[in-house]
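A.B. asks: Pasting the sequence and the predicted coordinates here, then a few questions.
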Amino acid sequence: VQLQASGGGLVQPGGSVRLSCAATGFTLGEYIIGWFRQARGREPVACMSTRKGRTYVANSVKGRFTISADTAKNTVYLQMSGLSPADTGAYYCAAVIEGSYGCNGIVYDYWGRGTQVTVSS
């Protein structure tokens, strides 16, 4: 199981960026994918189960961040808009095997390296 996050960079306040999390070694339907601001964190900014067709977006970013997946590319995206300097940081994608649980507040087993998003004018 490997995860590769990409798409970060320098963004102006109010701007948008789309992060990608490319998964290898498994198919998206087997694992839940989450995006985190903190490495090894428990609370994702967004997460999804392609098997269950469910998504979660944290209240702090709801309305600005959207999570989606392209199963053909085995990739999960985090679309971020209305960015402010407070959104600056490294963003990590992580995976945990599917189960009878939601995607937030659980321990994720596999983590990719972060991709840095810097919001600044």
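C.D. replies: The structure has been received and is ready for your questions.
A.B. asks: does the spatially most central residue of the chain have beta-bridge partners, and which?
C.D. replies: The geometric centre of the chain, computed from its C-alpha atoms, lies nearest to W35 (Cα atoms, centre = their mean), at 2.5 Å. W35 has these beta-bridge partners by DSSP bridges: A46, C93.
A.B. asks: E43 is in contact with that one, correct?
C.D. replies: No. When contacts are counted by Cβ atoms under 8 Å, W35 is not listed as touching E43 (10.8 Å). For the C-beta atoms, the positions are set from N, CA and C on the backbone; glycine is no exception.
A.B. asks: Skip the chain neighbours and tell me the closest residue to S16.
C.D. replies: Nearest residue to S16 in three dimensions, chain neighbours excluded: S81, at 4.1 Å (Cβ to Cβ, 6 or more residues apart in numbering).
A.B. asks: do the same with N74
C.D. replies: Once flanking residues are discounted, N74 sits nearest to A23: 4.9 Å by Cβ to Cβ, 6+ apart.
A.B. asks: in this protein, which spans are strands?
C.D. replies: Using DSSP state E, the strands found in the chain span residues 2-6, 9-11, 17-24, 31-36, 46-49, 54-57, 65-70, 75-80, 89-97, 110-111, 115-119.
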